[in-house]
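*Asks:* Here you go, sequence then predicted model.
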Amino acid sequence: MRADLSKRPEQVSAMFDQVAERYDLTNDLLSLGNAPLWRIATTRAIDPRPGQKVLDVAAGTGTSSASIARTGASVVAADFSPGMIDVGMHRQWRHPNLSFVEADATNLPFRDGEFDAVTISFGLRNIVDPKAALAEFRRVTRPGGRLVVCEFSHPPAKLMRAAYGLYQRTVMPALVRLTSSNDDAYEYLNESIANWPTQRVLAGWLREAGYERVQWRNLTEGVVALHRGWVPAA
């Protein structure tokens, strides 16, 4: 099954159900070994502390959630794909401070100000209304809490952009055929990356949602960007 860029939630959810079992393996391969480094950078940006409560949205199989949970924080891994959650619960059962919840990012089943931090990795661009999701993330974050968004982006250097574009067009499809159970799913994901806004535009979306001290830094020359923002203190 192939989702289109209209991002109908049930269509995207079904697509992720189909790739759940081999999702982490495929992503590690497609990132050329950078995925664990991006995960470390994201966890450091969140700066979770023991006793704090962190929401990881679009958590998939919980790989990033487990990284956060190792710090001693209590982590809720939320995803709208039941298939991803099933795989995640099976793989991450060793973490007593990690729980999984099926949830829509634009209508989260949590109280206002329930979390010290909210994070989303490589999932914001798959949400039908990312601005609504950002507003919802702010709602469930306590005053003074923070948001961390790790997402594919656009390399600012012309040479790197050209090299990355060549990789997406030629190398990536070949790797997907070797590892993925659904080639069409990764074709959709490739298109969603190309159509995603720049770092500066996404930073503007965070400010529109009410975050302050918004900043970003590029990882892997801008193939990925890490955005942070804080909810104004009470």
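*Replies:* Noted; the coordinates are in hand.

*Asks:* And the longest strand anywhere in the chain, what's buried?
*Replies:* If you go by DSSP state E, the chain has its longest strand at strand 141-152. Using 16 or more other Cβ atoms under 10 Å as the test for burial, strand 141-152 gives 141-142, 145-152. No exception for glycine: its C-beta is placed from N, CA and C like everyone else's.

*Asks:* Pick out the most distant pair among those.
*Replies:* Within these, 142 and 152 form the most distant pair, 28.6 Å apart (Cβ to Cβ).

*Asks:* Show me where this structure has its helices.
*Replies:* Applying DSSP state H to the chain gives helices spanning 9-19, 23-30, 35-46, 63-69, 82-91, 130-139, 158-166, 172-179, 183-194, 199-208.

*Asks:* before we move on, the earlier item: take the buried residues of strand 141-152 and write them to a markdown table, including distance to residue 90.
*Replies:* Shown next, in a markdown table, are the buried residues of strand 141-152 (distance: Cβ to Cβ, whole Å):
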| residue | distance to residue 90 |
| --- | --- |
| 141 | 29 |
| 142 | 31 |
| 145 | 30 |
| 146 | 30 |
| 147 | 29 |
| 148 | 26 |
| 149 | 27 |
| 150 | 24 |
| 151 | 27 |
| 152 | 27 |
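
*Asks:* okay, who's weakest in the residues you listed by pLDDT?
*Replies:* pLDDT across the buried residues of strand 141-152 is at its lowest for residue 152, which sits at 92.

*Asks:* That one bridge partners, please.
*Replies:* residue 224 (DSSP bridges).

*Asks:* so what's it up against?
*Replies:* 122, 125, 193, 196, 223-225 (Cβ atoms under 8 Å, 6 or more residues apart in numbering).
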